[in-house]
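Peer 1: got a structure for you, letters missing:
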């Protein structure tokens, strides 16, 4: 099963590029930019990755992002993730980035997005990985600040497929950003939103109805609302679930308690993703492995999760079919008879 998962052709639809900043690279870029970190070593920093909830993680996450100042920093960050993706047979990735984390520190949007975009283009040519870029608004900041960020992003619209909503969920409902998402859709962007991770099922309803979300990021608390589950199932609205993240942030007490298998058995379009892998103990293959082992997922269920990843992507139908064909070929050969 381990070998099957490691070689499985995959798509990743929920990865925060700033959350892939490994301690080693954080120290390296910090030294390059003359920024001292409040930790004595890589090991001391890793030991700080014990989180009680989403906010305790975000505090360290934003602190780590301070080392990112120059276009090359954002290139190096993205390139490091893409090489890990290649090693895990990720054929397509849809990457979140948080421009406000950087523009609020005086780092221009152009510098951030150009570094990321250059790495994505290089990965397409050199690694054979296709990608899409999703700009996320920080929900703990105001809707006016989100609108300003959207304005700053418009010159780069050809590089951005969708906009999303992340950061502290509780107390910051999707409805707060309805006007911003209306404008984003008018400008031609697709929309997604983090909802139903720590926040209630009502936040998922708001993301669907008020933000026009095409996918729900996390969404694991939907099981508390049977009508919502049926709505998600009948419309096949994808959920980008991040198992290791959910356990690390205490959304579930253990992987054995995770709802992913129940979501899958309910007929929902569930996908597996890594969220902020540098902080949560694993990239995409590790999330598949941990979930499979704890929930006793079958080869067929693992194959369905991988299939859902490609189906739920923002690729066009021809591109999806090409990648699905690779997956089906692999499954026909690798699944034990």
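Peer 2: Perfect, I can see it now. Bear in mind that the values here come from a model prediction, so they are computed numbers and not experimental data.

Peer 1: count of residues packed around residue 96?
Peer 2: Applying other Cβ atoms under 10 Å, we find 25 other residues in the vicinity of residue 96. Every residue, glycine included, has its C-beta placed from N, CA and C.

Peer 1: so it sits in a strand?
Peer 2: Yes - assessed with DSSP: H, G, I helix; E, B strand; the rest coil, residue 96 lies in a strand.

Peer 1: and the pLDDT at it?
Peer 2: On pLDDT, residue 96 comes in at 98.

Peer 1: I'd assumed residue 138 was in contact with it.
Peer 2: No - in this structure, residue 96 is not within contact of residue 138 by Cβ atoms under 8 Å, at 11.3 Å.

Peer 1: next, show the common contact partners of the two.
Peer 2: residue 166 (Cβ atoms under 8 Å, 6 or more residues apart in numbering).

Peer 1: neighbours of residue 313, how many?
Peer 2: 24.

Peer 1: who's in contact with it?
Peer 2: 11, 13, 92, 94, 132, 320.

Peer 1: any chance you could map the strands in the stretch 51-200 of the chain?
Peer 2: 90-97, 130-138, 162-166, 190-195 (DSSP state E, counting those that start in this stretch).

Peer 1: what does the stretch 201-337 of the chain give?
Peer 2: Going by DSSP E, counting those that start in this stretch, the stretch 201-337 of the chain shows strands at 215-218, 239-241, 270-272.

Peer 1: check which helices and strands the longest one is in contact with.
Peer 2: Read it as strand 215-218. strand 10-16, strand 190-195, helix 201-209, strand 239-241 (3 or more Cβ pairs under 8 Å, 6 or more residues apart in numbering; DSSP states H and E).

Peer 1: rewinding a little: can you put the strands of the stretch 51-200 of the chain in CSV and add distance to residue 209?
Peer 2: Listed next are the strands of the stretch 51-200 of the chain as CSV, based on distance: least, Cβ to Cβ, whole Å:
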stretch, distance to residue 209
strand 90-97, 22
strand 130-138, 18
strand 162-166, 14
strand 190-195, 11
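
Peer 1: just so I know, which of those strands lies nearest residue 33?
Peer 2: Nearest to residue 33, of all these, is strand 90-97, at 18.7 Å by Cβ to Cβ.

Peer 1: which other helices and strands contact the closest one?
Peer 2: Checking 3+ Cβ pairs under 8 Å, 6+ apart, strand 90-97 ends up next to strand 10-16, helix 71-87, helix 109-126, strand 130-138, strand 162-166, helix 317-334.

Peer 1: so the lowest-mean-pLDDT helix or strand in the chain versus strand 130-138, what angle?
Peer 2: Lowest on mean pLDDT, DSSP states H and E among the helices and strands of the chain sits helix 54-65, with a mean of 88. For helix 54-65 against strand 130-138, the angle by axes from the mean of the first three to the mean of the last three Cα atoms, to 10 degrees is 110 degrees.

Peer 1: quick check: angle from helix 54-65 to strand 190-195?
Peer 2: Using the same axes, to 10 degrees: helix 54-65 against strand 190-195 is 120 degrees.

Peer 1: buried sites along helix 54-65?
Peer 2: For helix 54-65, the neighbour count (16 or more other Cβ atoms under 10 Å) marks 54, 57-58, 60-62, 64-65 as buried.

Peer 1: now do it: everything it contacts.
Peer 2: Residues from elsewhere that reach helix 54-65 (Cβ under 8 Å, 6+ apart): 18-19, 21, 26, 37-38, 48-49, 51, 98, 101-102, 167-170, 197-198, 248-249, 276, 279.

Peer 1: just the buried members of those residues?
Peer 2: For those, buried by 16+ other Cβ under 10 Å: 18-19, 21, 26, 37, 49, 51, 98, 101-102, 167-169, 197-198, 248-249, 276, 279.

Peer 1: show me what contacts residue 208?
Peer 2: 216, 231, 237.

Peer 1: and the buried ones among these, selectable in PyMOL?
Peer 2: Selection of the buried residues among the contacts of residue 208 in PyMOL, burial being defined by 16+ other Cβ under 10 Å:
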select buried, resi 216+237
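
Peer 1: tabulate the contacts of residue 208 in TSV, adding columns for pLDDT and distance to residue 314.
Peer 2: Listed next are these as TSV, based on pLDDT from 0 to 100; distance: Cβ to Cβ, whole Å:
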residue	pLDDT	distance to residue 314
216	98	14
231	98	21
237	98	14
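
Peer 1: quick one: low-confidence parts of the stretch 51-200 of the chain?
Peer 2: Judged by pLDDT under 70, the stretch 51-200 of the chain has no weakly predicted residues.

Peer 1: burial count for residue 40?
Peer 2: Neighbours of residue 40 (other Cβ under 10 Å): 8.

Peer 1: contacting residues around residue 77?
Peer 2: Residue 77 is in contact with 17-18, 20-21, 25, 29, 68, 115-116, 119, counting by Cβ under 8 Å, 6+ apart.

Peer 1: looking at these, which is nearest residue 334?
Peer 2: Checking the contacts of residue 77 one by one against residue 334 (Cβ to Cβ), the nearest turns out to be residue 20, at 27.3 Å.

Peer 1: and of the strands of the stretch 201-337 of the chain, who's closest to residue 325?
Peer 2: strand 270-272 (18.6 Å).
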